[in-house]
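[1] A structural model of the following input is requested.
(one chain, ligands or ions: 1)
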Amino acid sequence: MQNKMNLLRDLQEIDQEISSIETTRKDYSDELDTFEADATRVQAMLDQLNGEVDQLQQAEAELQQGLLKERDNVTRVEARLPEIQTQKEYVAVLKEIDIAKKSNKDVEEQMQAKQQEVAALEEDLQEKQDELAAIQEKSEARGAELKKLLDESEKVLLKRTKTRESVAAELPVSLLRKYHTLFKRRGGLALALARNGACLGCNMQLPPQQYNKLLQVVEIQTCPHCNRILYADTEKS
Ligand SMILES: [Zn+2]
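    Now for the predicted structure:
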């Protein structure tokens with residue numbers, strides 16, 4: 001009986017350690033994921049900005065093409081001026097030239113606006129590229145550290161799991177099952193120390209008769225209040 005209790009106490013100690021290793025490992029993984037998520041987020045912004053710059057540059061190129069064509073037209077019409085015979089036609093052609101020139105000026109202004117937009121976006125792009133580089137630099141250094149920590153903790157975890165298996169193998173299945181259920185439901189504390197007639201798992205007084213029985217270590221006792229498996233305040237032997 002005492003042996004079973006000692007094994008259970010060993011098991012709980014190992015399980016608590018395993019559970020703490022698992023929590024730490026989850027933190028490491030989460031931190032690694034955060035780097036990836038951050039990089040993905042900034043990269044998405046970069047892609048979007050690049051797309052916007054492309055669109056603006058394309059629109060600017062189209063405007064430029066139209067402008068060149070229109071300037072050609074003006075030159076051609078102007079070349080016709082000396083050959084014009086009637087005053088009426090002359091006025092009409094001058095008006096045509098004037099309208100074309102005004103329209104060209106409009107287009108030039110539109111192009112300038114696009115160029116300014118592109119310049120602003122390029123500033124944003126530079127900022128995001130710097131941000132991404134900073135994330136990557138940090139993630140490279142810390143990422144290598146985290147991967148090392150994950151590897152090391154995995155080795156410890158494997159070792160503890162093996163020890164755990166060998167301890168568990170010595171305990172009756174029904175008792176193990178009870179222990180597991182309690183370990184899960186009672187926040188990693190399936191066994192509770194009983195001292196001065198009280199369960200230290202829930203700090204409630206135990207019936208005196210039960211406490212006496214517990215001290216004799218003849219059978220498994222559970223706390224009537226929190227259900228934890230009780231062990232007496234004796235040195236493990
Ligand atoms: Zn209790």
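
[2] Can you classify Leu171 as helix, strand or coil?
    coil (DSSP: H, G, I helix; E, B strand; the rest coil).

[3] could you list every residue that touches the spatially closest residue to it that is not a sequence neighbour?
    For Leu171, ignoring the flanking residues on the chain, the nearest one in space by C-beta to C-beta, 6 or more residues apart in numbering is Leu7 at 5.5 Å. All C-beta spots, glycine's among them, are computed from the backbone N, C-alpha and C. Listed by C-beta atoms under 8 Å, 6 or more residues apart in numbering, the contact partners of Leu7 are Val167, Glu170, Leu171.

[4] Specify which member of the residues you listed is nearest to Pro224.
    Taking C-beta to C-beta as the measure, Pro224 sits nearest to Leu171 out of the contacts of Leu7, at 23.0 Å.

[5] which residues touch that closest one?
    Contacts of Leu171 by C-beta under 8 Å, 6+ apart are Lys4, Leu7, Leu8, Leu11, Tyr179.

[6] picking up where we left off before, could you dump the contacts of Leu7 to a markdown table with distance to the ion?
    As requested, those are exported to a markdown table (distance: C-beta to the ion, whole Å):
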| residue | distance to the ion |
| --- | --- |
| Val167 | 24 |
| Glu170 | 25 |
| Leu171 | 21 |
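
[7] With pLDDT added, can I get those residues in JSON lines?
    Converted to JSON lines, the contacts of Leu7 look like this (pLDDT from 0 to 100):
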{"residue": "Val167", "pLDDT": "97"}
{"residue": "Glu170", "pLDDT": "96"}
{"residue": "Leu171", "pLDDT": "96"}
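
[8] All set, thanks.
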